[in-house]
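coordinates for the following, if possible.
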Amino acid sequence: MKLLVYGAGVCGSLLAAHLHEAGVDVSLLARGRRLASLRRHGVQLAEEDSSAVRRVLVPVVEHAAGGYDLTAVTVRTHQVDAVLESLAGSDGDVLFLLNWAAGAQPLEAAIGQGRVLLGFPPGLAGGTMDGDVVRYRASSFMTSRVPMPIGEPDGRATPRLERVVRTFRAAHVNAKAEPWMDAWLTTHAAFEVPLGQAVRSAGGSAALAEDPDAVRGMLHLMRQNLAAMPTPPVPRAFGALQTLPEGLLVAVLRRFLRSRTAARSALSDTSAAATAELDRLAEQLRAPAKAR
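Here you go, the predicted model:
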């Protein structure tokens, strides 16, 4: 399989480097200064607290043309529109490996029916850009126990889905076929948007943990988002946010917000790009029900 990773941030760089080292025919698409750096130095990787930088010479390109069997899009939610323009004239399947709560319809309308796969990269999302160096947590990438869900928009188990999952697994990326991928992504956004916005308003996860009223308000928004979904939440465990007592859930959420896991997660990303992504996801959740 000839594969293109579209997006050279943390997630795309990690994925492309890992696939390349596993022997997959993969290229990484980048633009501007990032493209120049990748051509000069390759993908530069370092564990988050290490001074040792490893270079992986992944082939890099500036455009999506090239007869790829699969393009894996790893940009932020608010950047998808620009990506769709460049993919409209390309061939092959496109795996949108990102935060997305608008369903497949707008994606297929832009690039063509039958080309879209949906997914989310939980093990690849942990890390930061330190200049041109990707600093990652080995525990959240190389040894991630959380599988990367990938699915057809309509939930079918198709030969192409099996082929994509098999390609990732052969490269030691923990992927799995998810029959309810659209609902999975919407559920994730229903939880992530109130959490991310509350953390930003409070000035950090630890500060939010010390304000039980704010945590309670955040929980109410999560419950509203989940109740507005046309399907039950996926994974089903998120249904506990609707059924367990409020006091218990507030206590659990406050404990999480005080944890080292929360401090080292994407919740600590206060960049303009992270805020723009949350805003776009919030818009998608507020939009009327889509044809799915």
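
outside of stretch 46-63, which residues touch it?
The set of residues that contact stretch 46-63 without belonging to it, under C-beta atoms under 8 Å, 6 or more residues apart in numbering, is 4, 8, 16-17, 20-21, 26-31, 35, 38-39, 41-45, 86, 127-128, 130, 133-138. (C-beta placed from N, C-alpha, C; glycine too.)

ok, 7 Å please
Applying C-beta atoms under 7 Å, 6 or more residues apart in numbering, the set of residues contacting stretch 46-63 from outside is 16-17, 20-21, 26-31, 35, 38-39, 41-45, 133, 135-138.

stretch 251-262 now?
By C-beta under 7 Å, 6+ apart, the surrounding residues in contact with stretch 251-262 are 205-206, 208-209, 212, 215, 219.

can you put the residues you listed in JSON lines and add neighbour count, distance to residue 258 and secondary structure?
Written out in JSON lines, the entries for those read as follows (neighbours: other C-beta atoms under 10 Å; distance: C-beta to C-beta, whole Å; DSSP: H, G, I helix; E, B strand; the rest coil):
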{"residue": "205", "neighbour count": "23", "distance to residue 258": "8", "secondary structure": "helix"}
{"residue": "206", "neighbour count": "14", "distance to residue 258": "6", "secondary structure": "helix"}
{"residue": "208", "neighbour count": "24", "distance to residue 258": "9", "secondary structure": "helix"}
{"residue": "209", "neighbour count": "20", "distance to residue 258": "5", "secondary structure": "helix"}
{"residue": "212", "neighbour count": "14", "distance to residue 258": "12", "secondary structure": "helix"}
{"residue": "215", "neighbour count": "23", "distance to residue 258": "11", "secondary structure": "helix"}
{"residue": "219", "neighbour count": "19", "distance to residue 258": "16", "secondary structure": "helix"}
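
biggest separation within those residues, which pair?
Taking every pair in these and measuring C-beta to C-beta, the maximum separation is 17.8 Å, between 206 and 219.

return the residues in contact with residue 79.
When the contact criterion is C-beta under 7 Å, 6+ apart, residue 79 has no partners at all.
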